[in-house]
Each structure stands twice: as C-alpha cells, then as structure tokens.
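J.: Need coordinates for the below:
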Amino acid sequence: MLYKLPTRILIRNLVANRERKSEKRREDGDARYIKFALPVEASNTAVRTGKLQKVMQQISEDLKPEAAYFFPTPTKGQRGGFFIVEMQESSQIVEMAERFFFGLNAKVEFVPVMSAVDLEKGLSDVQNTIQRYA
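T.: So this is what the prediction gives:
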C-alpha cells in the first residue's frame, strides 16, 4: 500500500468540498490541477515515521480539494498524486506549493483546468476568433 491515509475522513471531506464548490468555483475562482511526485527515499522515511499521513491530511484540510488521487508515477516509480483545488489568484501558487516542498520534498506542477461547462462557454466564443485569425 502506497499510502495509509485516514480514508474515511479524506473521502468525507472531498465529497463535502465537491458539493459545496463545484458550482461556486465557476463564479468565484478557477480550478487548478496540482500534480506532485515524492522522491522514493524521502517518502519511504515519511511513510515509516507517519509524516506522510500527517502532511497529506493537513494539506487536504488546508486546500480542501474537490478531488484527490494517489498513484505511483509512471516514469520514475515515485509516489505521486494530484489534487483539484480552487484558486482565487495566481499568487496562491506559492503558499500551496510550499506545503508540498517543505512537508514532503515533492516536485509540484500546477495546471489550470476547466469543467465541461467551462469548455462549452469557451467554445461558444471561438467562432469569432476563428473568423478573425483564420
């Protein structure tokens, strides 16, 4: 088992966050995909000492992700995962990333993402752009 997280608490928080935020986010902020990878030796130590469980639980409580998934990274065999979180402004990247850097020595990527509703809205305006630039 890669992670021994308090699954009931994490799932309960994710379901509550998803219900509360999915539509509210569209009005107030943007979704970001935070992908992280943990070095094998450092994360082995974190698993042994219980730090991984503690830090992941704290990150989950702080960031209140709409979704969270954990997996071995495909190219380097490291522990990894991703969160979908709400972000009001780009300056929040620093604070969010530092949790992973300091807490778990992780490599982190932030990617803006959109829902099907967001995509539909964006595509509704694309014809004007195509006509202007095609």
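J.: could I get the helix or strand containing F71 in CSV with only the CA atoms?
T.: Assigned by DSSP states H and E, F71 falls within strand 67-72. What follows is strand 67-72, C-alpha atoms only, in CSV (Å, rounded to 0.1, in the frame of the first residue of the first chain):
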residue,chain,number,x,y,z
ALA,A,67,-10.8,15.7,-5.8
ALA,A,68,-7.6,13.9,-4.7
TYR,A,69,-6.0,10.8,-6.3
PHE,A,70,-2.8,9.0,-5.4
PHE,A,71,-0.7,6.7,-7.6
PRO,A,72,2.9,5.6,-8.5
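J.: Name the nearest residue to the residue most central in space within the chain, ignoring sequence neighbours.
T.: Centrality entry for the chain: nearest residue to the mean C-alpha point is F83, 2.0 Å, by Cα atoms, centre = their mean. Nearest non-adjacent residue to F83, counting by Cβ to Cβ, 6 or more residues apart in numbering: P65, 3.9 Å away. C-beta: built from backbone N, CA, C; applies to glycine.
J.: per-residue confidence for that neighbour?
T.: As predicted, P65 sits at a pLDDT of 96.
J.: same deal with V126?
T.: For V126, the predicted pLDDT is 89.
J.: rewinding a little: helix, strand, or coil at the residue nearest to the centre of the chain?
T.: strand (DSSP: H, G, I helix; E, B strand; the rest coil).
J.: Parallel or antiparallel, which strands does the strand holding F71 pair with?
T.: Strand pairing for strand 67-72, determined by DSSP bridges: strand 79-87 (antiparallel).
J.: ok so, going back, in the sheet, who's paired with the residue nearest to the centre of the chain?
T.: I34, A68.
J.: what's it in contact with, if anything?
T.: Applying Cβ atoms under 8 Å, 6 or more residues apart in numbering to F83 gives the contacts Y33, I34, F36, I59, S60, L63, P65, A67, A68.
J.: do that again at 7 Å, thanks
T.: I34, L63, P65, A68 (Cβ atoms under 7 Å, 6 or more residues apart in numbering).
J.: out of the residues you listed, which are buried?
T.: Buried subset of those (neighbour count, 16 or more other Cβ atoms under 10 Å): I34, L63, P65, A68.
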